[in-house]
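Trainee: model the structure of this input:
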Amino acid sequence: MTNTLRFPAADPAAAAAFFAAELAFEADPDDVVRDLRAGTTAGFRLVETRSAEAFARLRIPGAINLPHWDVDETTTADWDRDLVYVCYCESFECNAATKGALKLSRLGFKVKRLAGGITTWHASGYPVEGGAAGTADRPAISCDC
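Mentor: Residues are numbered from 1 along each chain as shown. Below you'll find the model as predicted:
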């Protein structure tokens, strides 16, 4: 038996349910950038969940900054509960977006996590803002979380 098939594939109905659920929790950077470029961002808001310093260095245009450790009823009191908040952090190796999304969902907000974070976003050549945005080479992106 091959390593690939050592564990049998899921029933197609179970696989469909799993992958649909996965898409309910994550946003693809390609989809987000298409929406930003088309100006079709109604319904969602990007939330950078790293530190204010990391946000100042490099961020996705239009994103707001709320470090995950500051997420609470007070800091989100004026947020629109009809929006979906797409949290992002540094990369797959960072879990600040997961921590922020968890806290927001516990407060009753609809959330998704941006796959790959700012590292994947920037490496893909998508637009960024901030002090490091104008450098010729890709700046080092740090977690600060």
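Trainee: do I have it right that residue 122 meets residue 129?
Mentor: No: proximity of residue 122 to residue 129 does not meet the contact threshold set by CB atoms under 8 Å, at 11.0 Å. Quick note: C-beta positions are derived from backbone N, CA and C, even for glycine.
Trainee: now do the shared contacts for the two.
Mentor: residue 58 (CB atoms under 8 Å, 6 or more residues apart in numbering).
Trainee: among these two, which residue is more densely surrounded?
Mentor: Remark: of residue 122 and residue 129, residue 122 carries more neighbours, 21 against 16, as counted by other CB atoms under 10 Å.
Trainee: mind checking the backbone torsions on the more buried one?
Mentor: Backbone torsions of residue 122, given as degrees, to the nearest 10, read phi -70, psi -40.
Trainee: so what pLDDT did it get?
Mentor: If you check residue 122, the pLDDT there is 93.
Trainee: residue 7 and residue 1, how far apart?
Mentor: Note on residue 7: its distance to residue 1, by CB to CB, to the nearest Å, is 10 Å.
Trainee: can you list contacts of the top helix by length along the chain?
Mentor: Counting residues, the longest helix found in the chain (DSSP state H) is helix 12-25. With contact meaning CB under 8 Å, 6+ apart, helix 12-25 is reached by 9-10, 112-113.
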